[in-house]
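> Got a sequence here, can you model it:
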Amino acid sequence: MFIGAERWNEVDPSWPDSAILRFIPGEDSGTLDFFVAQVFGDSLEELPKEDLLAILTANISAGRLRALNAERSLVDRAQEEMVELVLSEVVRPDVVESWSFTESLFNRDEIDAEVATIPNAVLEFKAWLNWDFITSPQSSNPTLAGIRTAILGSLWVTLIAFLVAVPLGVGAATYLEEYSKGSKLDGLIETNINNLAGVPSIIYGMLGLAVFVRYFGEITSGIAFGAADPSTGNGRTILSAGLTLGLLILPLVIINAREAIRAVPRAFREASYGLGATKWQTTWSHVLPNAIPGILTGVILSVSRAFGETAPLIVVGVSTFIVVDPSGPFSKFTTLPVQIFQWTSRPQEEFQRLAAAAILALLFLLLALNATAIYLRNRFKRNY
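Have a look, this model is predicted:
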């Protein structure tokens, strides 16, 4: 249920009966019921950041303005972020009450009666899980909030984890299965890999905080390369999170890759040696190609785990509210699981329903990854 004004005389009966297109407050205006100019030309997205800041300053309370500045200085925010703030804080109507689908079906009379008691209230059906929800950034207004920024952050973090874990994991598995001589050191490495696979994920978060955020902070924040984002100079970036998740899934990749390599028949190796191939030629041309189905399955399942992780990212320093899409490995970020956690922590029912929609989106993405693993396993499967 929303409250809003569509015509000028709904704001003040003495004003003309004409449609409200957009409000640009003057320097002295302090509330939503007074505007000194009405502009019918440029869209809100085309206004400069200074004008957007003036709109915010004129139309929200001093306390709310201080709260927004405390989160991050309004002067330092990008123009796109200021547009989202104006939309959520000034332009769009407020949600007074919301009801679930079940309540809408069985309690419609009670809902209509409550709507009738509120002036200028409009009852509107809203599907929380829709295309706008997928493509919109986060917002403090539940009617505008979406998961685009969270999905992009998840993809960035997962990509870095993939690039770290897969080469190291497959390389380590190849060494342990094909080149290891069974020494005490090799046995110690195998034992530690098996133990690391069962370590709680939050421990990896603490490791990432100590190593990637603090010790290597100048590298992971981009300061060492002159590419740092001013708001992420402390190392709490996509790169730190991706490296942390890469360490998290590395033992899983190694274990699955070893099983896949071990499943390649010994006869393939002996036939290759009999033709004069070296050990590396045999491994590269015969063992690894035949182990691809198992390796791919293990990699995708490991990536699925990284995509759904929350605890290590919170420890590393993921942002819980961000409306700017990540632009590189040195950007600040949020992820879909963290976004869900943040929404479930909010007291408003609307954010609870947003969280439910985001959970469905996350579930769909994980099912898609698992289905891809099954398809690739069957696609490259070979019977010996």
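> So I55 is in contact with V86, correct?
Yes. Assessed by CB atoms under 8 Å, I55 is found in contact with V86 at 5.4 Å. C-beta: built from backbone N, CA, C; applies to glycine.
> Show me the domain layout of the protein.
The chain breaks down by automatic domain parsing into domains covering 2-128, 148-380.
> Pick the most buried one from the ones you listed.
Neighbour counts (mean count of other CB atoms under 10 Å) averaged over each of these peak at domain 148-380, with a mean of 18.
> now the stretch 151-300 of the chain, which segments are flagged as low pLDDT?
The stretch 151-300 of the chain contains residues with pLDDT under 70 at 230-233.
> thinking again about what came up before, would CSV of the domains of the chain with distance to Q138 be doable?
Shown next, in CSV, are those (distance: least, CB to CB, whole Å):
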stretch, distance to Q138
domain 2-128, 8
domain 148-380, 5
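> Do a quick rundown of the helices in the stretch 101-250 of the chain.
101-106, 108-116, 131-135, 148-174, 184-196, 201-208, 217-220, 238-262 (DSSP state H, counting those that start in this stretch).
> Make TSV out of those helices and add distance to E349.
TSV is the format used below for these (distance: least, CB to CB, whole Å):
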stretch	distance to E349
helix 101-106	11
helix 108-116	14
helix 131-135	16
helix 148-174	20
helix 184-196	42
helix 201-208	30
helix 217-220	38
helix 238-262	31
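> which one of those helices lies closest to R305?
Closest to R305 of those is helix 238-262 (CB to CB; 6.1 Å).
> and the closest one, how far out from the chain's middle?
On the basis of CA atoms, centre = their mean, to the nearest Å, helix 238-262 sits 20 Å off its chain's mean C-alpha point.
> contacting residues around L196?
250-251 (CB atoms under 8 Å, 6 or more residues apart in numbering).
> ok, M206 - contacts?
Contacts of M206 by CB under 8 Å, 6+ apart are V315.
> what's the spacing between the residue of the chain most remote from its centre and H286?
In terms of distance from the mean C-alpha position of the chain, G274 ranks first, at 51.7 Å (CA atoms, centre = their mean). Separation of G274 from H286 (CB to CB, to the nearest Å) stands at 12 Å.
> Pull up the overlap in contacts between those two.
With CB under 8 Å, 6+ apart applied, the contact sets of G274 and H286 do not overlap.
> which stretches of this structure form strands?
Ranges of strands in the chain, per DSSP state E, are 2-3, 23-24, 37-38, 94-95, 121-122.
> among those strands, which gets the worst mean confidence?
Mean pLDDT across those is lowest at strand 37-38; the value there is a mean of 38.
> List the residues that contact the closest residue to L168 other than its chain neighbours.
Nearest non-adjacent residue to L168, counting by CB to CB, 6 or more residues apart in numbering: L250, 6.1 Å away. Shown in contact with L250 (CB under 8 Å, 6+ apart): 164-165, 168-169, 196.
> switch the cut-off to 10 Å
Going by CB atoms under 10 Å, 6 or more residues apart in numbering, L250 touches 161, 164-166, 168-169, 172, 193, 196-197, 204, 302.
> Please determine how far it is located from T220.
With CB to CB as the criterion, L250 and T220 are 18 Å apart.
> And the pLDDT at E71?
Reported pLDDT for E71: 66.
> And for the one 4 residues further on?
Turning to V75, the model gives it a pLDDT of 82.
> go on, P326?
Per the predicted model, pLDDT is 87 at P326.
> Could I get the contacting residues of the closest residue to it other than its chain neighbours?
Distances taken as CB to CB, 6+ apart place F333 nearest to P326, at 4.8 Å, with adjacent residues excluded. Applying CB under 10 Å, 6+ apart to F333 gives the contacts 149-150, 152-154, 156-157, 232, 236-242, 313, 317-319, 322, 324-326.
> try it again with 8 Å
By CB under 8 Å, 6+ apart, the contact list for F333 reads 153, 156-157, 237-238, 241, 318-319, 322, 326.
> Now do it, the pLDDT please.
On the pLDDT scale, F333 is placed at 88.
> Run through the residues that contact T174.
Contacts for T174 (CB under 8 Å, 6+ apart) come out as 257, 261, 283, 287-288.
> Now do it against R269, distance only.
The value you get for T174 to R269, if CB to CB is used, is 13 Å.
> Please apply the same query to Y175.
Counting by CB to CB - Y175 and R269 are separated by 15 Å.
> biggest separation within the contacts of T174, which pair?
Across the contacts of T174 (CB to CB), the longest gap, 12.5 Å, separates A257 and T283.
> how about the nearest residue to G317, chain neighbours excluded?
Residue nearest to G317 in three dimensions, not counting chain neighbours: R236, with 3.3 Å by CB to CB, 6+ apart.
> what's near enough to touch the one you found?
213, 221, 316-318, 332 are the contacts of R236 under CB under 8 Å, 6+ apart.
> go on, E349?
Going by CB under 8 Å, 6+ apart, E349 touches S98.
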